[in-house]
Structures are given as structure tokens and as C-alpha cells.
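[1] Sharing a model prediction with you, sequence too.
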Amino acid sequence: MDQKETIILAIESSCDDTSAAILKNNAILSNLIAGQEVHSEYGGVVPELASRAHLQNIVPVVDAAIKNSGVKKSDIDAVAFTKGPGLLGSLVVGTSFAKSFAMAMKIPLIDVNHMYGHVLAHFIDDGEKEKPKFPFLCLTVSGGHTQIVLVKSPLNMEVIGSTIDDAAGEAFDKIAKLLGFPYPGGPLVDKHAKSGDPKSFQFAKPRVGGYNYSFSGLKTSVLYFLQKQEKDNPDFISENLDDLCASAQRSIIDVLFKKLILASKELSIDEIAIAGGVSANSELRSRLADEGQKRCWKTHIPRFEYCTDNAAMIAITGKFMHEAGMHSDQSVSAQARIPFLPLR
């Protein structure tokens, strides 16, 4: 085997998806995800059930990822895994497996910040898209995080704005619940919004200083509006479902882009990317393209399979860290919350 080749096994288990990937240099050879449908009946992820499912899924998912990649276990140069942030019980499963695999194979261990993974997913070699040039701004939006990240290099990032309460993904899911959708409701809001008029209803947009965000007020605005309307018409939601989805979705995305545009202007940065689970939202992707054209941005949108939680993004981050000699020892442990700090 060419000595310049680097093969990374990556494991992601921060929430309710068990994922394993094999990366060779910057190309993904396999990226498998086992979801957990059990949470839908509870309206959200149940941490204890999530960790139990990870225990059941981790071995078969890793085994299948290695087999599908065409590499042998002995070819793997290092193991990267999600250290945090996330659900502690879920993270412990992935961390324990990664440590055991690394010890058994006598190869380096790399602990990865999940949020770094979302940003660096843009550097996976998919043979299609031009990669962001440094420095760039990345709007990272997921169920648990909403951040504007100033990316100076692969291992040097700074969060310049974040939510002070709910994340954008939480706002989508909570509004979806108010509308009667099952969990996860965000994708269903997106689906119905395509047939609705985004100007039908107006909802409150919180005012927060700097580049920070707030979504709790918007969610409350939707709640009070629906309560008032349903007093006069119990069928109001069902009769206006598409328009409600389109209006709520537009409100969330308006808030996201107001701060992103401000950051781009004040920092004079025209390389703009999005990442995270909510970056799969069709309106968000469309708005980025429109704003990019309007403002002469060079925009970067990840492929759908690299938007939601997946091990491919952990693999590419692990490769950058491996090349920099940033390895962990066997004392490393999972952390539900970890600071987002430059790695070098």
C-alpha cells in the first residue's frame, strides 16, 4: 500500500444515530448510519433508549462499514470518534468501542468535537464541489446548536455567534409539534412549506445583540397565535397547514440570515458555508444560493448525506488531526458538553 495513504475508521454516536465510516485520504469509502425509530412515539429522543440502541448497533454497523469499504482492519491507520457534545450515554458507547478497537489494533485514537465535524464535512472529497477557502464563515444549524463559526484553518475555528436559548432545529421541531406533526417534525415542516405562502402569517423575530441568536420568542409567538386562532376556529391548523409551515419556516430562516449577512459585512468575508442537520432544509439551501448571488458570496452547501449526524464528517476531521499528530490516550472520556476552542 502507498505509504502516503491514510485510512481512518470513524464512529459517531452523539445522539440517536449510530454511524461508522471509512475514509481513505479525503475520500469516503463507506458511510453507514443506523437510525432509531423508537423515539418517534415519545416526541423526542429518550437518552436511555438511545444508548441501549447504540449498544445493539455499534458492532454490526462498524463491521459493515469496514466490509463495504473494501479495506481490511489491518489497513486502518487510526480510529476517530465523537467525544462530544451530545447525549452522554450515547457518546460513552462510541467512545468505549473506539478505545477498545484502537487498543486491540495498536493504532492511534483521535477524539473529535462533533461541531468541528459538521464544519469540516465540506472538505470531504466528493469529486463535485469546490472547497471553501480560508477564512470562511460557516452557519452551523442543528437540533442542538446554532452557531456562526469563523473558520481560519481546518483546526482553528472560533464561534462568533450562537443561540442564547433554543437552537434553530429545536424551533423547527417544537413548532412542528404544535402543528401536530410527529417527531422529528422539522423535515415535515419543510415538506408542507413547499406548498404554502410564506407571507401568510407574521411571527415575532427576537432582537439579540451581536451575532447571537434567539428562537424561544419566535416559538412562543407561534404558540400564542395558534391558541388564539383555534378559539375561533378549531380547524384553523388543518385548514392553513401549508401556509403556517411556510410562514414559520421563513421566520426562522430570516433570523438566521440577518446575522449571517451582518457578520459577512462587518468581517469582509465572502466565503460562506452552511452545515449541520438543518442545512438539509430546502428553503435554507435555496436562500443561501439566492443571497450568494445577490451579495457576490462564494457559497458552499454540503451533500445531503453529510448534513445530518454521520461518521464521514468525524473521519475527515480525524484525518486533519491525525496529520497534525493530535492523538488521544486511553484515559480520554466522553463529554456531554465540550468547549469549542481552536485545536492549534
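    Noted; the coordinates are in hand.

[2] so what's S69 up against?
    The neighbours of S69, taking C-beta atoms under 8 Å, 6 or more residues apart in numbering as the test, are 22, 24, 29-30. Heads up, the C-betas are built off the backbone N, CA and C, glycines and all.

[3] mind running it again at 7 Å?
    Taking C-beta atoms under 7 Å, 6 or more residues apart in numbering, we find S69 in contact with 22, 29-30.

[4] In strands, which of those residues fall?
    Counting by DSSP state E, the contacts of S69 place 22, 29-30 in strands.

[5] export these to JSON lines and tack on distance to H327 and neighbour count?
    Below are these laid out as JSON lines (distance: C-beta to C-beta, whole Å; neighbours: other C-beta atoms under 10 Å):
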{"residue": "I22", "distance to H327": "19", "neighbour count": "27"}
{"residue": "L29", "distance to H327": "22", "neighbour count": "18"}
{"residue": "S30", "distance to H327": "23", "neighbour count": "21"}
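
[6] and the residue nearest the centre of the chain, how far is that from R287?
    By C-alpha atoms, centre = their mean, the chain has its centre lying nearest to G276, at 2.5 Å. Separation of G276 from R287 (C-beta to C-beta, to the nearest Å): 15 Å.

[7] Ramachandran coordinates for the residue located most distally from the centre of the chain?
    Taking C-alpha atoms, centre = their mean, the residue of the chain most remote from its mean C-alpha position is D232, at 39.3 Å. When quoted as degrees, to the nearest 10, the phi and psi of D232 stand at phi -90, psi -30.

[8] got it, and G84?
    Note on G84: backbone dihedrals following degrees, to the nearest 10 are phi 170, psi 180.

[9] ok, what's across the strand from it?
    N113 (DSSP bridges).

[10] all numbers from here: first residue = 510
    Will do, 510 is the new start, and the previous item becomes G593.

[11] so it sits right up against L600, yeah?
    Yes. The criterion here is C-beta atoms under 7 Å, and G593 meets it with L600 at 5.8 Å.

[12] For A573, give me its contacts.
    By C-beta under 7 Å, 6+ apart, the residues touching A573 are L541.

[13] Please identify which helix or strand holds it.
    Counting by DSSP states H and E, the element that carries A573 is helix 556-578.

[14] avg pLDDT for that helix?
    Here helix 556-578 scores 94 as its mean pLDDT.

[15] What residues of it count as buried?
    Under the neighbour-count criterion of 16 or more other C-beta atoms under 10 Å, helix 556-578 has 556, 559-564, 566-567, 570-571, 574-575, 578 buried.

[16] Over to stretch 629-647?
    In stretch 629-647, counting by 16+ other C-beta under 10 Å, buried: 629-633, 635, 641, 644-647.

[17] Now do that stretch: distance to the chain's middle.
    Remark: stretch 629-647 is offset 15 Å from the chain centroid, using C-alpha atoms, centre = their mean, to the nearest Å.

[18] Where does pLDDT dip in this protein?
    The chain contains residues with pLDDT under 70 at 510-513, 545-552, 637.

[19] Domains in this protein, by residue range?
    What automatic domain parsing lists as the domains of the chain is 516-631+816-832, 641-811.

[20] Between these, which one is closest to R846.
    R846 lies closest to domain 516-631+816-832 among the domains of the chain, at 5.2 Å (C-beta to C-beta).

[21] wait, N535 sits on D634?
    Yes. If you go by C-beta under 7 Å, N535 and D634 touch, sitting 3.8 Å apart.

[22] still on that earlier bit, just curious, which of the ones in strands among the contacts of S578 is nearest to V841?
    For the ones in strands among the contacts of S578, the closest approach to V841 (C-beta to C-beta) belongs to I531, at 21.5 Å.

[23] re earlier: let me see the contact set for the closest residue in space to the residue nearest to the centre of the chain that isn't next to it in sequence.
    In this structure, G785 finds its nearest non-sequential neighbour in S651, 3.8 Å apart by C-beta to C-beta, 6 or more residues apart in numbering. Residues near S651 by C-beta under 7 Å, 6+ apart: 627, 676, 678, 785-787.
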